[in-house]
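sequence below, structure please.
(one chain, ligands or ions: 2)
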Amino acid sequence: MATEQQLSAIKGEKVLMVGAGGIGCELLKTLALSGFQDIHIIDMDTIEVSNLNRQFLFRQSHVGQSKAKVARDAVLKFRPNISITPYHANIKDPDFNVDFFKKFSVVLNGLDNLDARRHVNRLCLAAGVPLVESGTTGFLGQVTVHVKGKTECYECQPKPAPKTYPVCTITSTPSKFVHCIVWAKDLLFARLFGDKNQENDLNVRSSDASGSSEPAEDVFERKRDEDIEEYGRRVYDHVFGYNIEVALSNEDTWKKRNKPRPIYVRDVELAEVIQQNGNLDKVSVFSDPLSVSAMTTIGLKNPQDVWSLAENSRVFLEALKLFFLKREKEIGNLTFDKDDQLAVEFVTAAANIRASSFGIHLHSLFEAKGIAGNIVHAVATTNAIIAGLIVIETIKVLQDDVKNYRMTYCLEHPSRKMLLMPVEPFEPNKSCYVCSETPLTLEINTNNSKLRDFVEKIVKAKLGMNLPLIMHGSALLYEVGDDLEEDMVANYAANLDKVLAQLPSPITGGTIITVEDLQQELTCNINIKHREEFDEENEPDGMILSGWTQALAQKNDETSKENGASTSNVSQTVSLEDEEDDELQILPAFSGFAGNKRKLTDNANSSSSDLSCVGDENKDCDDSEAIVMLDGYGERKKCRVQ
Ligand SMILES: Nc1ncnc2c1ncn2[C@@H]1O[C@H](COP(=O)(O)OP(=O)(O)OP(=O)(O)O)[C@@H](O)[C@H]1O
Ligand SMILES: [Zn+2]
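Ligands and ions are numbered 1, 2, ... in the order given. Here you go, the predicted model:
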């Protein structure tokens with residue numbers, strides 16, 4: 001419960017919460033119980049069954065309803081006299097503009113993705129409203145405070161990029177189960193059920209590339225009137241048999257590696273599985289398409305069991321068949337979703353068959369789902385602790401108690417007998433393109449790169465702009481918006497297909513262009529440097545943006561992540577000194593302690609924004625891939641807020 005002084009700081013203040021998920025539910029409850037009386041809450045999602053174990057404001061009967069609205073109703077039951085305004089909407093909707101943000105004394109994030117976090121950061125900066133940012137992953141969590149001109153903004157620090165794998169490891173030489181999962185999910189599943197027009201490395205061997213007898217047609221396409229069982233076997237034989245034979249023909253590849261074994265349907269004892277489990281024809285019992293399950297159909301019950309090669313093969317063929325029989329309308333538009341049972345079954349089975357071919361240990365559906373969905377099981381207690389810390393920092397912000405602002409890390413193992421590690425925030429980064437006016441530099445071949453490449457790869461993917469406008473001097477080259485005249489829309493569409501040097505106002509080396517996002521009220525100047533050539537392997541975008549704060553992508557680790565995933569597997573990446581004394585002490589977040597070392601972990605897409613560890617200065621955290629930030633980190637000297 002807040003003190004009298006704190007209560008008077010809270011009273012009458014309007015706060016905006018973004019996200020009513022794991023952190024959001026705890027936060028709304030804690031805000032209400034702490035005395036906040038005017039809370040607005042935005043969440044774009046509806047409640048799913050999988051949320052119920054930790055998002056305690058929701059019940060089974062609420063599944064399918066708006067999170068923001070149900071959360072409001074649940075809290076009003078025990079705090080009926082406060083005002084809670086819910087919005088079932090995306091925070092990126094144009095309605096939530098700078099004027100909307102200006103109505104609030106402080107904004108509190110309980111989000112799960114980088115994109116939305118960056119967007120809120122920019123609107124808070126433009127509106128001059130403080131932001132309390134948070135994130136959790138398993139036992140780890142953190143809360144940071146961002147106040148314009150006083151502390152660093154959310155984007156002042158580099159955010160680690162998603163992990164990536166060399167394409168050849170995935171397509172040809174997997175050595176870990178995660179490589180098989182990435183192959184099954186991002187190549188095979190996407191090729192069979194996703195957008196056919198998208199480039200996909202599986203295409204390389206989808207038709208005859210080696211002069212063998214395989215016909216030069218798209219083997220993944222189901223032929224007219226082709227029997228579905230026949231089609232499934234053909235796909236199976238192609239990807240697990242024929243493709244492996246082709247790979248084996250490149251002998252150099254296997255000089256220092258174990259050779260994979262081609263697997264054909266005829267090699268697998270499918271009949272055995274059918275006999276053991278009974279050949280259950282349950283296809284007709286699935287009324288809801290999302291409940292369709294190949295496992296159920298063939299009588300496999302326990303998702304924690306590791307299936308045999310025969311069982312995986314059976315699930316593979318059955319899942320493929322069920323997609324065509326029960327979910328045909330979705331084929332061509334599907335993207336892998338960890339909550340889609342049939343998709344998880346298909347990916348598990350395909351990954352296991354490939355693993356079997358390459359001599360890699362097989363995994364259960366439960367494990368495979370965790371890897372495919374980058375799942376770290378959420379810990380409700382971490383969310384509750386983080387929500388408490390958000391409220392503590394929010395009260396300090398409302399009291400303008402700048403000296404006592406803290407970024408607080410919730411650790412998995414105690415360090416210096418502490419599980420909560422408060423660190424003084426830093427001053428804004430003077431070269432941050434978001435909160436300072438530092439120009440960026442772009443090296444690009446202006447004679448062959450189109451404006452479209454620039455918009456997709458730089459303006460949207462790297463700068464995270466939502467409604468961009470591109471100007472060269474006074475010439476407007478590109479703009480998006482609902483209220484544009486038809487001829488302007490046509491002009492901009494034509495510009496997108498022009499190379500930079502041939503635009504009506506040509507962009508060449510030495511040009512400075514201005515990119516602006518009207519909604520985020522963010523403007524960046526970009527100095528253009530013409531460069532003829534780029535290394536395809538190391539510079540695949542064919543352009544290099546510098547002065548931009550994303551860390552290097554990490555390679556070759558246990559899991560991959562895609563931007564936008566809601567959870568991640570960083571639970572073990574924070575490593576701290578051993579504690580001999582296991583008597584713990586949880587320090588108040590506002591104690592005067594300030595650790596000297598922060599360490600970013602790989603969680604660009606996780607619930608966390610940049611989980612860190614603080615430990616004994618003389619001992620290194622042993623995760624070699626983590627970034628250790630000392631006071632002189634990067635090219636700038638970081639100054640703590642005075
Ligand atoms: N752009 C956005 N606008 C509004 N709400 C958002 C936006 N992006 C994410 N959210 C919300 O943030 C919340 C994050 O909560 P949480 O991390 O617990 O994820 P979840 O989707 O509820 O659970 P999980 O992903 O673990 O199944 C979600 O409810 C999600 O809808
Ligand atoms: Zn900044």
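
okay, now the domains of this protein?
Residue ranges for the domains of the chain, per automatic domain parsing: 1-162+377-436+549-556+572-642, 175-359, 440-546.

turn those into JSON lines, columns for mean neighbour count.
C-betas here are computed from N, CA, C, even on glycine. Output for these, formatted as JSON lines (neighbours: other CB atoms under 10 Å):
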{"stretch": "domain 1-162+377-436+549-556+572-642", "mean neighbour count": "19"}
{"stretch": "domain 175-359", "mean neighbour count": "17"}
{"stretch": "domain 440-546", "mean neighbour count": "16"}
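
dump those domains into TSV; add distance to ligand 1 and mean pLDDT as well.
Below are the domains of the chain laid out as TSV (distance: least, CB to the nearest ligand atom, whole Å; pLDDT from 0 to 100):
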stretch	distance to ligand 1	mean pLDDT
domain 1-162+377-436+549-556+572-642	2	79
domain 175-359	7	83
domain 440-546	10	92
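
want to throw these into a markdown table with distance to residue 169?
A markdown table is the format used below for the domains of the chain (distance: least, CB to CB, whole Å):
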| stretch | distance to residue 169 |
| --- | --- |
| domain 1-162+377-436+549-556+572-642 | 7 |
| domain 175-359 | 6 |
| domain 440-546 | 13 |
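
among these, which is nearest residue 168?
Among these, the nearest to residue 168 by CB to CB is domain 175-359 (8.8 Å).

quick one: contacts for the nearest residue to residue 357 once chain neighbours are set aside?
Nearest residue to residue 357 in three dimensions, chain neighbours excluded: residue 260, at 4.7 Å (CB to CB, 6 or more residues apart in numbering). Applying CB atoms under 8 Å, 6 or more residues apart in numbering to residue 260 gives the contacts 244, 247-248, 357-359.

what separation do you get for residue 260 and residue 68?
The spacing between residue 260 and residue 68, counted by CB to CB, to the nearest Å, is 50 Å.

follow-up on the earlier one: closest one to ligand 2 out of the contacts of residue 260, please.
Of all these, ligand 2 sits closest to residue 358, with 44.8 Å by CB to the ion.

would you agree the closest one is in contact with residue 262?
No. If you go by CB atoms under 8 Å, residue 358 and residue 262 don't touch, sitting 11.1 Å apart.

got the domains of the chain as TSV, with distance to ligand 2 columns?
Listed next are the domains of the chain as TSV, based on distance: least, CB to the ion, whole Å:
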stretch	distance to ligand 2
domain 1-162+377-436+549-556+572-642	3
domain 175-359	32
domain 440-546	11
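
quick one: which of those is nearest residue 365?
domain 175-359 (4.3 Å).

could you dump the host helix or strand of residue 322 to PDB, C-alpha only?
Element membership of residue 322 [criterion: DSSP states H and E] is helix 309-326. This file holds the C-alpha atoms of helix 309-326, laid out as PDB (Å, rounded to 0.1, in the frame of the first residue of the first chain):
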ATOM      1  CA  LEU A 309      10.700 -43.000 -37.000                       C
ATOM      2  CA  ALA A 310       7.600 -45.000 -38.100                       C
ATOM      3  CA  GLU A 311       5.400 -43.000 -35.800                       C
ATOM      4  CA  ASN A 312       6.800 -39.700 -37.000                       C
ATOM      5  CA  SER A 313       6.300 -40.900 -40.600                       C
ATOM      6  CA  ARG A 314       2.700 -41.700 -39.800                       C
ATOM      7  CA  VAL A 315       2.100 -38.400 -38.200                       C
ATOM      8  CA  PHE A 316       3.800 -36.600 -41.100                       C
ATOM      9  CA  LEU A 317       1.600 -38.300 -43.700                       C
ATOM     10  CA  GLU A 318      -1.600 -38.000 -41.600                       C
ATOM     11  CA  ALA A 319      -1.000 -34.300 -40.800                       C
ATOM     12  CA  LEU A 320      -0.400 -33.500 -44.500                       C
ATOM     13  CA  LYS A 321      -3.500 -35.300 -45.400                       C
ATOM     14  CA  LEU A 322      -5.600 -33.500 -42.700                       C
ATOM     15  CA  PHE A 323      -4.400 -30.100 -43.900                       C
ATOM     16  CA  PHE A 324      -5.800 -31.000 -47.400                       C
ATOM     17  CA  LEU A 325      -9.000 -32.600 -46.100                       C
ATOM     18  CA  LYS A 326      -9.900 -30.300 -43.300                       C
END
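
gap between it and the chain center?
Centroid separation for helix 309-326 versus its chain: 29 Å, with CA atoms, centre = their mean, to the nearest Å.

same question for stretch 326-333.
Distance, centroid of stretch 326-333 to centroid of chain: 25 Å (CA atoms, centre = their mean).

ends of it, what's the gap?
15 Å (CA to CA, to the nearest Å).

check stretch 134-142 too.
Termini of stretch 134-142 sit 6 Å apart (CA to CA).

list the contacts for residue 262?
240-242, 244-245, 248, 357.

residues in contact with the residue nearest to it when sequence neighbours are not counted?
Using CB to CB, 6+ apart and skipping the chain neighbours, the partner closest in space to residue 262 is residue 244 (4.0 Å). Contacts were defined as CB under 8 Å, 6+ apart; by that measure residue 244 touches 260-263, 357.

can you list those in CSV and add secondary structure?
CSV is the format used below for the contacts of residue 244 (DSSP: H, G, I helix; E, B strand; the rest coil):
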residue, secondary structure
260, coil
261, coil
262, coil
263, coil
357, helix
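
just flag the most distant two among those.
Those two in those that are separated most widely, counting by CB to CB, are 260 and 263, at 9.0 Å.

quick one: the host helix or strand of residue 368 to helix 309-326, angle?
Using DSSP H and E, residue 368 maps to helix 365-372. Note on geometry: by axes from the mean of the first three to the mean of the last three CA atoms, to 10 degrees, helix 365-372 and helix 309-326 are set 70 degrees apart in direction.

CA atoms of helix 365-372 as CSV?
Extracted C-alpha coordinates of helix 365-372, given in CSV (Å, rounded to 0.1, in the frame of the first residue of the first chain):
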residue,chain,number,x,y,z
LEU,A,365,6.2,-33.0,-29.6
PHE,A,366,6.3,-31.1,-26.4
GLU,A,367,10.0,-30.4,-26.8
ALA,A,368,9.8,-29.7,-30.5
LYS,A,369,7.0,-27.2,-29.9
GLY,A,370,9.1,-25.4,-27.3
ILE,A,371,12.0,-25.1,-29.8
ALA,A,372,9.8,-24.2,-32.8
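
next, the buried residues of it.
The neighbour-count check on helix 365-372 (16 or more other CB atoms under 10 Å) flags 365, 367-372 as buried.

what two of these are the furthest from one another?
365 and 371 (10.9 Å).

what sits in contact with each of the two?
Counting by CB under 8 Å, 6+ apart, no residue touches both residue 365 and residue 371.
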